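Undergrad: Sequence and predicted structure below; questions after.
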Amino acid sequence: MVAITLSLILTAGMIHIFTGSSQTYRLNEAASRVQENGRFAIDQLTWDLRQAGFRGGCRQQVNNLLDLEPNDADYLLFDLENAINGWNNTAGPAPADYQAGTDVLLIKHAARISGVTASGNTPAHANTINLTQSSTVPQGAIVFVTNASNCDIFQNRANLNASTLTRGAAGNPGNKNPGQNHFSDSYQDDMEIFLLRSHLYYIGTGSTGAPALMRVSHHEGLDQVQTEELVEGVRDMQITYGVDTNGNREINVFQTANQVTNWQRVLAIRVSLLLQSNRDFMVDAPMTVAFNGNNVTPGDRRFYQVFTTTVGIRNRLP
């Protein structure tokens, strides 16, 4: 009986040690995955935010030749004059899987180099840009051309591998009539050709059914909208905007999206992400974390971690 009792005690001790070690391993693994996901999400957002509003050397107003008017619902997606837009705890233009009570962010820039070079001069009335080589720009791509004085946006209607870019008819949103809507000026061989990037970030439903950081890309027109899951396990995104309220090019206040009255005066963005582990029952009791100025207790027993960064918009800072 003594031997049996001792064996039971030893067995129970071994099971306890094994269970504790296993739980510690699972928690460490969950924490590592959350940290990896958080760093990746912040890196993706930071790179895009720093480029917001990039338009080469052009300091003039962008001449938007897309077949859209400022009061059209889709105009904002391609408006480089308003390179940052946000929605506070509302869906805005986000898809149907948007998670209620989270923020939405729209970033636009022309920092993607096209890889093609114009050949010769391009008159203001032209609807075609001749290239020095076969194009690698897809049909439907939103193209941004610029030099030191001028900048224009249009949708390429030439086929991939053509030796031209054209702003012809068709496409979505397509182009305004080239015969009535010209480039802002003629271009010489100093023309630079970039590709517009329009990214909408929101919290949606990931492939596993859990919340995730999603990105919608509109840079190949409205017929080629791409939605991708960037990071799994992102439960919430909250954003405040550093605003210059008096025109001195310095941040005076951080505001939520519904408080911003002039998006062109946003100089920096503070992003806070709340990430969760994939598995439940990672901790002994529901965690309470400080997030967006409040203590948040999600209620389950997942592992949670907050990631926050403040990013200056390089193209607007002094």
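TA: Ah, there it is. Numbering: from 1, shown residues only.
Undergrad: C-alpha only now, for contacts and for neighbours.
TA: Will do.
Undergrad: doesn't residue 256 make contact with residue 243?
TA: No - using CA atoms under 8 Å, residue 243 makes no contact with residue 256, being 10.1 Å away.
Undergrad: out of these two, which sits in the busier spot?
TA: Taking neighbours as other CA atoms under 10 Å, residue 243 and residue 256 compare with residue 243 leading, 24 against 18.
Undergrad: mind showing which ranges of the stretch 51-200 of the chain have poor pLDDT?
TA: Residues of the stretch 51-200 of the chain meeting the criterion pLDDT under 70: none.
Undergrad: mind listing the strands for it?
TA: With strands called from DSSP state E, counting those that start in this stretch, the stretch 51-200 of the chain shows them at 63-64, 84-87, 104-113, 128-130, 142-146, 151-155, 164-166, 192-205.
Undergrad: Which other helices and strands does the longest one contact?
TA: It refers to strand 192-205. Applying 3 or more CA pairs under 8 Å, 6 or more residues apart in numbering; DSSP states H and E, we find strand 192-205 packed against strand 104-113, strand 142-146, strand 211-217, strand 234-243.
Undergrad: can I get the ones you listed in a markdown table with distance to residue 68?
TA: Conversion of these to a markdown table gives the following (distance: least, CA to CA, whole Å):
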| stretch | distance to residue 68 |
| --- | --- |
| strand 104-113 | 16 |
| strand 142-146 | 13 |
| strand 211-217 | 18 |
| strand 234-243 | 28 |
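Undergrad: Which of these sits closest to residue 172?
TA: Smallest distance to residue 172 across the helices and strands packed on strand 192-205 (CA to CA): 10.2 Å, for strand 142-146.
Undergrad: how far off strand 104-113 does the closest one point, in degrees?
TA: 60 degrees (axes from the mean of the first three to the mean of the last three CA atoms, to 10 degrees).
Undergrad: From the contact counts, what lies against strand 142-146?
TA: Using 3+ CA pairs under 8 Å, 6+ apart, strand 142-146 sits against strand 151-155, strand 192-205.
Undergrad: which stretch among the helices and strands packed on strand 192-205 comes nearest residue 46?
TA: Judging the helices and strands packed on strand 192-205 by CA to CA, what sits closest to residue 46 is strand 104-113, at 11.0 Å.
Undergrad: what comes up buried for that closest one?
TA: Within strand 104-113, the residues that count as buried by 16 or more other CA atoms under 10 Å are 104, 105, 106, 107, 108, 109, 110, 111.
Undergrad: could you dump the residues you listed to TSV with distance to residue 168?
TA: What follows is those, written out as TSV (distance: CA to CA, whole Å):
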residue	distance to residue 168
104	33
105	31
106	28
107	27
108	23
109	23
110	21
111	24
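Undergrad: Just name the closest of those residues to residue 159, please.
TA: Distance to residue 159, by CA to CA, is smallest for residue 110 among those, at 21.0 Å.
Undergrad: now residue 313, nearest residue through space, not along the chain?
TA: For residue 313, ignoring the flanking residues on the chain, the nearest one in space by CA to CA, 6 or more residues apart in numbering is residue 50 at 4.8 Å.
Undergrad: wait, isn't the one you found in contact with residue 317?
TA: No - using CA under 8 Å, residue 50 is not in contact with residue 317; the gap is 10.4 Å.
Undergrad: between these two, which one's more packed in?
TA: residue 50 (19 against 12).
Undergrad: That one: what secondary structure?
TA: helix (DSSP: H, G, I helix; E, B strand; the rest coil).
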